[in-house]
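Undergrad: Take a look and give me a structure for this.
(4 chains)
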Number of protein chains: 2
Amino acid sequence: MTNAGQPEATPAPAKAQLTQTRILETALALFRERGFEATTMRAIAERAGVSLGNAYYYYGSKDHLVQAFYGRVHEEHLALCDARLGSMRSLKERLRFTMRSRLELIEPYHGFAAVLFRSAADPQSPLNPFSAESRPVREQATALLARVIAGSNAHMPEDLGAALPNLLWVYQMGLVLFWIHDTSQGRRRTMQLVDGSVDLVVKLIGLASLPFMRPVRRMVLRLVENVER
Amino acid sequence: MTNAGQPEATPAPAKAQLTQTRILETALALFRERGFEATTMRAIAERAGVSLGNAYYYYGSKDHLVQAFYGRVHEEHLALCDARLGSMRSLKERLRFTMRSRLELIEPYHGFAAVLFRSAADPQSPLNPFSAESRPVREQATALLARVIAGSNAHMPEDLGAALPNLLWVYQMGLVLFWIHDTSQGRRRTMQLVDGSVDLVVKLIGLASLPFMRPVRRMVLRLVENVER
DNA sequence: GTCTATAACCGGATAGAC
DNA sequence: GTCTATCCGGTTATAGAC
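TA: Numbering: from 1, shown residues only, chains lettered A, B, ... in the order given. Next up, the predicted model:
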């Protein structure tokens, strides 16, 4: 059925859009309720009111649903940081907020984030944070960290400043990895780690900026450069 | 059939032992040939000349085969290090050999190691290096690293020396993670990273041992201590 | 009681009709 | 774009052989 002659503002694919969103929403709800493994594609399709085949029409695999989740989280984190970082000047404060808010955003999905990172460790998987498919999200995330630094009143040598966004991204990944394994009440241990490690990171940046540290700093940065290809 | 009256040295379960080994050997061969996913339990059972049910009798799941592989690699690494480290005194030399030989041992399995670490990243999985099931292997691996340090002529503050084996174990895991993602010819990039990072690690140990570095060192070590629970 | 073999079950994924 | 009908492979149940 074409749209010919209809004065509606919404173009043709509006219904498809809705179906797709409904499937994702349903999937995330089920993931939160039962976890990833326990949620079958059949159950998602059923609750979303579509057939199994239809669900696969929109999401090529169960992993694609995870990828969609991933993108959504990043968008929310971005919006949150854009709204709140403006009033913070010290690097320590800005970093702490960025890392904490990231973890708080994904907290409802703690149970199923485990599986997310299962695929994430597989070089073949598109969910892998180093993969080509993840590149856009990775670059956006790194760009956000660059703004966290640039917007602060911290000073540092140029070479360090250039490498820092990528280093902080790896640091963020490490925090998430710890968070995944953290079963403490209210994720207390992870939050302690965030606070302690942010302090340390800022201290190390200061240390690495000292003139007589230049040789070691160069050594580290050259190594990092090689690792990044 | 009982063994009564038989003068053999080998007790009853000799045949079972053989079957079990044959299944593992067959599985590893197929993993190398086709990768993990493409190797079906049915194919393993068939080539090993046993029924599917029998394969499951010895290995409760496909993952258990991976776990058996894991244990075997560690034993070989241990034997290799025991045989060769005796003649090396500098920490740099000893560390480099330890890390390189570890990677060379698993090189034939590079293609399937990816999947190994997929499960390894899941906190629930027994393959996870932090899991209770992995504890024995983890502790043995850490013990090996402790000997790598102790057998060297390097000197360092006591607090650092106490924490170092665990830190080096994490470092080793990082190298393996990089190795997994490395598709360069002959794993050239990983080997460069080993050399470069071993140099850096030794340099940082020296730096961290300087008297005026004590506050920062303490800060790092306290954080590490918290992370380890 | 130690092992082996066969026949399911279950859920992710695909093919092809409408 | 949506469905129904299958496929495929990890896993389990179960019946029996030695």
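
Undergrad: near DNA strand C at all, stretch A:49-61?
TA: Yes. Interface with DNA strand C: stretch A:49-61 contributes A:52-53, A:56, A:60-61 (CB under 7 Å from any atom of the strand). For every residue, glycine as well, the C-beta is placed using N, CA and C.

Undergrad: who wins for most neighbours among those residues?
TA: A:Y56 (16 neighbours; other CB atoms under 10 Å in any protein chain shown).

Undergrad: Let me know the helix or strand that that residue is in.
TA: helix A:52-58 (DSSP states H and E).

Undergrad: Report all helices and strands that that helix contacts.
TA: Contacts defined by 3 or more CB pairs under 8 Å, 6 or more residues apart in numbering or on different chains; DSSP states H and E place helix A:52-58 against helix A:14-34, helix A:41-48.

Undergrad: So which residues make contact with the lowest-mean-pLDDT helix or strand in chain A?
TA: The weakest-scoring helix or strand in chain A, judged by mean pLDDT, DSSP states H and E, is helix A:110-120 (a mean of 76). Outside helix A:110-120, the residues that touch it by CB atoms under 8 Å, 6 or more residues apart in numbering or on different chains are A:31-32, A:35-37, A:63, A:66, A:69-70, A:106, A:109, A:125, A:127-129, A:176-177, A:179-180, A:187, B:118-119, B:121-125.

Undergrad: give me that answer again for 7 Å
TA: A:31, A:35-37, A:63, A:66, A:106, A:125, A:127-129, A:177, A:180, B:118-119, B:121-124 (CB atoms under 7 Å, 6 or more residues apart in numbering or on different chains).

Undergrad: Return that helix as CSV; C-alpha atoms alone will do.
TA: Taking Å, rounded to 0.1, in the frame of the first residue of the first chain, the C-alpha atoms of helix A:110-120 are listed here in CSV:
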residue,chain,number,x,y,z
HIS,A,110,24.5,-5.3,35.4
GLY,A,111,23.3,-8.9,35.2
PHE,A,112,23.3,-9.1,31.5
ALA,A,113,26.3,-6.9,30.9
ALA,A,114,28.4,-9.9,31.7
VAL,A,115,27.3,-11.6,28.5
LEU,A,116,27.8,-8.4,26.6
PHE,A,117,31.5,-8.5,27.5
ARG,A,118,31.7,-12.1,26.7
SER,A,119,31.2,-11.4,23.0
ALA,A,120,33.1,-8.2,23.4
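
Undergrad: and the next helix or strand after it, what's its mean pLDDT?
TA: The helix or strand immediately downstream of helix A:110-120 is helix A:135-150, counting by DSSP H and E. For helix A:135-150, mean pLDDT is 92.

Undergrad: and helix A:135-150, does that touch chain B?
TA: No. Contact of helix A:135-150 with chain B (CB under 7 Å from any CB of the partner chain) is absent, the minimum separation being 13.6 Å.

Undergrad: what about that helix, distance to the chain center?
TA: Mean C-alpha position of helix A:135-150 versus that of the full chain (CA atoms, centre = their mean, to the nearest Å) differs by 10 Å.

Undergrad: Give me the buried subset of the contacts of helix A:110-120.
TA: The neighbour count (16 or more other CB atoms under 10 Å in any protein chain shown) marks A:31, A:36, A:63, A:66, A:106, A:125, A:127-129, A:177, A:180, B:118-119, B:121-123 as buried among the contacts of helix A:110-120.

Undergrad: Mind picking the two most distant members of these?
TA: The two members of the buried ones among the contacts of helix A:110-120 with the most space between them (CB to CB) are A:I106 and B:S119, at 21.2 Å.

Undergrad: DNA strand C versus A:A208, what's the distance?
TA: Distance, A:A208 to DNA strand C, by CB to the nearest atom of the strand, to the nearest Å: 44 Å.

Undergrad: doesn't A:L160 make contact with that residue?
TA: Yes. Using CB atoms under 7 Å, A:A208 is in contact with A:L160, at 5.9 Å.

Undergrad: overlap in contacts of those two?
TA: A:R217.

Undergrad: what's the residue closest to the geometric middle of chain A?
TA: Central residue of chain A (CA atoms, centre = their mean): A:H74, 5.1 Å from the mean position.

Undergrad: Hmm, A:T142 and that one touching each other?
TA: No. A:H74 is beyond contact range of A:T142, at 11.3 Å (criterion: CB under 7 Å).

Undergrad: buried ones in the helix or strand where the residue nearest to the centre of chain A lies?
TA: Applying DSSP H and E as the criterion places A:H74 in helix A:62-84. Residues A:62-70, A:73-74, A:77, A:80-81 are the ones in helix A:62-84 that count as buried (16+ other CB under 10 Å).

Undergrad: can you redo these as TSV with distance to DNA strand C and pLDDT?
TA: What follows is the buried residues of helix A:62-84, written out as TSV (distance: CB to the nearest atom of the strand, whole Å; pLDDT from 0 to 100):
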residue	distance to DNA strand C	pLDDT
A:K62	4	93
A:D63	6	88
A:H64	8	90
A:L65	9	92
A:V66	10	88
A:Q67	12	86
A:A68	13	89
A:F69	15	89
A:Y70	16	84
A:V73	21	90
A:H74	23	90
A:H77	27	95
A:L80	31	96
A:C81	33	96
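
Undergrad: for the helices and strands packed on helix A:52-58, which one sits closest to B:W169?
TA: If we rank the helices and strands packed on helix A:52-58 by CB to CB, the stretch that ends up nearest is helix A:14-34, at 32.4 Å.

Undergrad: contacting residues around that closest one?
TA: A:39, A:43-44, A:47-48, A:50, A:55, A:58-59, A:65, A:68-69, A:108-109, A:112.

Undergrad: again, but for stretch A:182-193
TA: A:103, A:107, A:175, A:178-179, B:226-227.

Undergrad: swap the cut-off to 6 Å and go again
TA: In this structure, residues lying in contact with stretch A:182-193 by CB atoms under 6 Å, 6 or more residues apart in numbering or on different chains are A:178-179.

Undergrad: Centre of the chain to that stretch, how far?
TA: Chain-centre distance of stretch A:182-193: 19 Å, with CA atoms, centre = their mean.

Undergrad: now do stretch A:14-32
TA: Worked out by CA atoms, centre = their mean, stretch A:14-32 lies 20 Å from the chain centre.

Undergrad: Which positions in chain A make contact with DNA strand D?
TA: Within chain A, the residues that sit near DNA strand D (CB under 7 Å from any atom of the strand) are A:13, A:15-16, A:19, A:49-54, A:57-58.

Undergrad: from the buried ones among the contacts of helix A:110-120, which is closest to A:F97?
TA: Nearest to A:F97, judged by CB to CB, of the buried ones among the contacts of helix A:110-120 is A:I106 at 15.4 Å.

Undergrad: can you pull the buried residues of the helix or strand where A:G206 lies?
TA: Element membership for A:G206, per DSSP H and E: helix A:188-208. For helix A:188-208, a neighbour-count test (16+ other CB under 10 Å) marks A:189-191, A:193-194, A:196-198, A:201-202, A:205, A:208 as buried.

Undergrad: between these, which is closest to B:H155?
TA: A:A208 (24.5 Å).
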